[in-house]
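> Below is the sequence, then the predicted model.
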Amino acid sequence: MTVADMNRLEQAARISMGEFEDSDAPAPPLPPVPHASLRLVAFGLAAVILAAVLFQLAY
């Protein structure tokens, strides 16, 4: 299989999957990273849930 055949197969797969974008187009920007306070709240919530589970297992 030649490189040209592989490129045609890739293009056909992209079209069949509904991806009509140009493969050389730049990727969309990533969403902003959550603030540190939001990460801290998420970590605290996970710690509380973990502590509750461990407490239930211990007693």
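Good, I have the coordinates. Keep in mind the model is a prediction, meaning the values are calculated, not measured.

> make it CA atoms for all contacts and neighbour counts henceforth
OK.

> hey, where'd the helices end up in this structure?
3-16, 36-58 (DSSP state H).

> where's M6 relative to A12, distance?
10 Å (CA to CA, to the nearest Å).

> again, but for L40
Applying CA to CA to L40 and A12 gives a distance of 46 Å.

> Then L30?
Counting by CA to CA - L30 and A12 are separated by 27 Å.

> Near L57, how many other residues are there?
Counted by other CA atoms under 10 Å, the residues lying close to L57 total 8.

> Now the phi/psi pair for P29, please.
Dihedral pair for P29: phi -60, psi 150, per degrees, to the nearest 10.

> let me fix that: L30
Torsion angles, degrees, to the nearest 10, at L30: phi -70, psi 150.

> What score does it have for pLDDT?
Note on L30: pLDDT of 72.

> try the one 3 residues further on
With respect to pLDDT, V33 scores 65.

> could the helices of the chain be laid out in CSV, adding mean pLDDT?
What follows is the helices of the chain, written out as CSV (pLDDT from 0 to 100):
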stretch, mean pLDDT
helix 3-16, 83
helix 36-58, 91
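
> For A47, the count of nearby residues, please.
Count around A47 with other CA under 10 Å applied: 12.

> measure it to L54 for me?
With CA to CA as the criterion, A47 and L54 are 10 Å apart.

> Lovely, talk soon.
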